[in-house]
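In: how would this look folded up:
(one chain, ligands or ions: 1)
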Amino acid sequence: MPEAEFDRAKAKAFTQLMVRHLEGAAVSVMLEIGRRVGLFEAMAEMGPATSEVIAETAGLNERYVREWLAAMVCGGIVEYTAAEHTYRLPREHAAGLTGSSTRNLTSMVEMFPLMNRVIPEVAQAFRTGGGVPYSAYQPDFTGLMDRRSRPRFDELLFSAYLGKPEGIIPRLEAGIRVADVGCGTGHCITLMARRFPKSTFVGYDISEEGIAGARAAARGLDNASFVVQDIAKLETRAPFDLITAFDAIHDQADPAGVLRRIRAALGRGGTFLMLDVCASSELADNIGVPMAPYLYTMSTMHCMSVSLAAGGPGLGTAWGHQVATRMLREAGFRDVQLLERVDPANSLYVARSGD
Ligand SMILES: C[S@@+](CC[C@H](N)C(=O)[O-])C[C@H]1O[C@@H](n2cnc3c(N)ncnc32)[C@H](O)[C@@H]1O
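Out: Have a look, this model is predicted:
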């Protein structure tokens with residue numbers, strides 16, 4: 001078969017695409033530097049300023065700041081007035097780079113250095129199989145997840161995650177038994193325990209750092225407790241009325257087993273709320289969806305790899321709606337409802353035990 005003619009236009013378009021990817025990668029490095037040294041916060045507070053003033057305000061070296069500013073200007077983050085040699089971070093850009101709301105996207109950027117750190121181990125796993133254990137991402141991972149999730153819980157826990165499924169808030173107000181599996185630093189438990197004093201809450205996580213942080217944050221709350229526990233071995237005598245899992249199922253070593261344990265730990269009429277990444281299980285559906293390359297990258301560099309490292313199936317970050325719904329049904333949940341995109345990145349599964 002004759003080889004297809006080399007399509008020059010296609011090659012040119014691909015080079016342009018590569019250039020955009022390379023620019024994005026370069027800007028992400030500088031975004032992380034800016035986040036770490038507090039330049040966005042410093043610039044958000046000021047109008048147009050020279051590099052000397054910006055460096056002095058931020059307490060940083062001017063030469064480094066000037067080079068960083070050049071990258072930020074060319075990357076479209078900062079505006080530059082050449083005649084005055086002044087730089088300005090527009091308010092609209094500052095909103096996406098500073099503050100403690102979910103609009104601040106720099107916690108997504110913070111993932112890259114951690115993922116870069118495990119490139120040798122992941123590359124090795126491509127050759128030999130296996131994966132990268134959770135321990136390889138510590139001690140940074142727990143704090144990083146906390147910074148990413150905290151604003152989401154502050155803004156959306158009551159209005160969306162607990163508020164959108166019918167009937168959950170009234171039951172929490174009346175007093176029920178609740179568990180959060182893979183609770184990390186337990187911020188959502190602390191929020192719920194304060195808001196619903198008649199309910200009792202327990203958080204489970206394998207991370208000792210996470211549980212230590214959770215216990216410290218919940219000090220003084222009588223209705224919240226935390227246990228270092230592998231949820232694949234979860235056993236409870238008294239059943240729960242509500243179990244939650246926020247971003248904690250798809251990277252499990254035994255996700256099917258964990259879902260069965262969760263189902264078994266629920267009493268009659270119990271509900272499992274599972275927040276997980278909004279994606280289709282079919283790659284073809286995800287092409288062109290914003291952030292899809294980010295999902296598959298985080299999956300390769302963390303979510304899939306930690307599961308494979310522990311002998312698991314490596315479902316991956318984009319295991320998706322179809323697979324997740326099927327697995328919930330196979331675990332014994334009768335009624336599985338999918339609330340798509342309850343936040344910009346996640347869907348909520350409302351799985352009822354149906355007894
Ligand atoms: C992606 S983080 C999510 C943490 C938290 N739910 C949040 O939204 O910020 C997943 C959490 O699950 C925990 N985890 C993973 N496998 C676990 C297991 N088998 N048993 C208990 N916790 C586990 C990890 O330590 C981590 O804290």
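
In: what about the one residue in the stretch 251-355 of the chain that gets nearest to the ligand, neighbour count?
Out: Residue of the stretch 251-355 of the chain nearest the ligand, by C-beta to the nearest ligand atom: Gln252 (5.7 Å). Quick note: C-beta positions are derived from backbone N, CA and C, even for glycine. By the measure other C-beta atoms under 10 Å, the count of residues near Gln252 is 24.

In: next, the contact list for it, please.
Out: With contact taken as C-beta atoms under 8 Å, 6 or more residues apart in numbering, Gln252 is in contact with Ile231, Ala232, Val258, Ser307, Gly312, Leu315.

In: and the pLDDT for it?
Out: Gln252 is assigned 97 on the pLDDT scale.

In: so which strand or helix has it?
Out: Assigned by DSSP states H and E, Gln252 falls within no helix or strand.

In: just checking, Tyr134 touches Ile206?
Out: Yes: counting by C-beta atoms under 8 Å, Tyr134 touches Ile206, with 7.3 Å between them.

In: higher neighbour count, these two?
Out: Counted by other C-beta under 10 Å, Tyr134 and Ile206 do not tie: Tyr134 has more neighbours, with 19 against 14.

In: the more buried one and the ligand, how far apart?
Out: 6 Å (C-beta to the nearest ligand atom, to the nearest Å).

In: repeat that for Gly75.
Out: 29 Å.

In: wait, doesn't that residue sit right on Val29?
Out: No: the criterion here is C-beta under 8 Å, and Gly75 misses it with Val29 at 10.3 Å.

In: now the residue of the stretch 251-355 of the chain closest to the ligand: how far from Ala232?
Out: Noted for Gln252: a distance of 7 Å to Ala232, by C-beta to C-beta, to the nearest Å.

In: what touches both of these two?
Out: Common neighbours of Gln252 and Ala232, using C-beta under 8 Å, 6+ apart, are Val258.

In: how many residues are close by Asp285?
Out: Asp285: 15 neighbours (other C-beta under 10 Å).

In: helix/strand/coil for whatever residue of the stretch 1-150 of the chain ends up closest to the ligand?
Out: As assessed by C-beta to the nearest ligand atom, the ligand sits closest to Ser149 within the stretch 1-150 of the chain, at 3.1 Å. Look at Ser149: counting by DSSP: H, G, I helix; E, B strand; the rest coil, its state is helix.

In: where does pLDDT dip in the stretch 1-150 of the chain?
Out: Along the stretch 1-150 of the chain, the model assigns pLDDT under 70 to residues 1-2.

In: for it, what spans make up the helices?
Out: For the stretch 1-150 of the chain, helices defined by DSSP state H, counting those that start in this stretch occupy the ranges 8-37, 39-44, 51-58, 62-74, 91-94, 106-109, 111-117, 119-128, 140-156.

In: of these, which is nearest Ser280?
Out: helix 106-109 (20.9 Å; C-beta to C-beta).

In: just how off-centre is that closest one within its chain?
Out: Helix 106-109 has its C-alpha centroid displaced from the chain centroid by 10 Å (C-alpha atoms, centre = their mean, to the nearest Å).

In: for stretch 333-342, same thing?
Out: Remark: stretch 333-342 is offset 20 Å from the chain centroid, using C-alpha atoms, centre = their mean.

In: what comes up buried for that stretch?
Out: Buried residues in stretch 333-342, counted by 16 or more other C-beta atoms under 10 Å: Phe333, Val336, Leu338, Leu339, Val342.

In: pretty sure the first one is touching Arg326, no?
Out: No: judged on C-beta under 8 Å, Phe333 makes no contact with Arg326 at a distance of 10.8 Å.

In: related to what we said a few turns ago, pipe the helices of the stretch 1-150 of the chain into CSV and attach mean neighbour count per row.
Out: Converted to CSV, the helices of the stretch 1-150 of the chain look like this (neighbours: other C-beta atoms under 10 Å):
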stretch, mean neighbour count
helix 8-37, 13
helix 39-44, 22
helix 51-58, 18
helix 62-74, 17
helix 91-94, 13
helix 106-109, 18
helix 111-117, 15
helix 119-128, 12
helix 140-156, 18
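
In: can I get those helices in a markdown table with distance to Arg177?
Out: Output for the helices of the stretch 1-150 of the chain, formatted as a markdown table (distance: least, C-beta to C-beta, whole Å):
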| stretch | distance to Arg177 |
| --- | --- |
| helix 8-37 | 40 |
| helix 39-44 | 42 |
| helix 51-58 | 49 |
| helix 62-74 | 50 |
| helix 91-94 | 43 |
| helix 106-109 | 32 |
| helix 111-117 | 34 |
| helix 119-128 | 40 |
| helix 140-156 | 20 |
